[in-house]
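Colleague: With the sequence up front, the predicted model follows.
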Amino acid sequence: MADSYQKRGQPRVHRLLFTSLSAWDEHGESSLPAAARTLDLSEGGVRVEIPRAMPFTLKVRANIGMGDEIIDVDGEVVALHRKENGDTELSLRFSGLSAGDKAKIKKMTQ
């Protein structure tokens with residue numbers, strides 16, 4: 001896929017932010033939290049990389065470090081890709097963002 005192709009309404013901005021993930025499957029079963037790093041960020045979601053395989057789950061909570069703050073965002077997995085080195089890339093669509101968190105993300109993506 002070419003970098004210029006955008007399926008989403010907001011452009012992605014490449015940002016390296018330290019993140020942790022917690023995930024739940026459709027039965028409410030939790031997976032172990034994972035340390036992650038963002039690859040890119042938009043007002044609608046985030047793509048992260050984790051250093052291990054992770055099952056496809058429907059709901060994820062991401063704790064994203066933004067400067068001196070950490071924001072907690074809920075999202076749903078819309079894409080999952082296992083890389084050759086064993087890392088996993090997850091694309092998350094945000095859900096239920098507060099107005100304050102939306103403003104912080106918007107500021108980071110400008």
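Modeller: It's in. Model, not experiment: these values are computed from the prediction.

Colleague: Lowest mean pLDDT among the helices and strands of the chain, which one is it?
Modeller: Least confident element among the helices and strands of the chain, by mean pLDDT, DSSP states H and E: strand 18-24 (a mean of 75).

Colleague: helices or strands up against the following helix or strand past it?
Modeller: Using DSSP states H and E, the helix or strand that follows strand 18-24 in sequence is strand 34-41. Strand 34-41 sits against strand 18-24, strand 45-50, with contacts defined as 3 or more CB pairs under 8 Å, 6 or more residues apart in numbering; DSSP states H and E. All C-beta atoms are positioned from the backbone trio N, CA, C, and that covers glycine.

Colleague: Tell me the gap between the shortest one and the middle of its chain.
Modeller: Computed by CA atoms, centre = their mean, to the nearest Å, the separation of strand 45-50 from the middle of its chain amounts to 4 Å.

Colleague: what ranges of this structure fall below the confidence cut-off?
Modeller: Residue ranges of the chain with pLDDT under 70: 1-17, 25, 28-29, 31-32, 53-55, 57.

Colleague: By residue count, what's the longest strand in it?
Modeller: In the chain, with assignment by DSSP state E, the single longest strand is strand 69-82.

Colleague: Okay, buried residues for the least confident helix or strand of the chain please.
Modeller: Residues of strand 18-24 classed as buried under the neighbour-count rule (16 or more other CB atoms under 10 Å) are 19-23.
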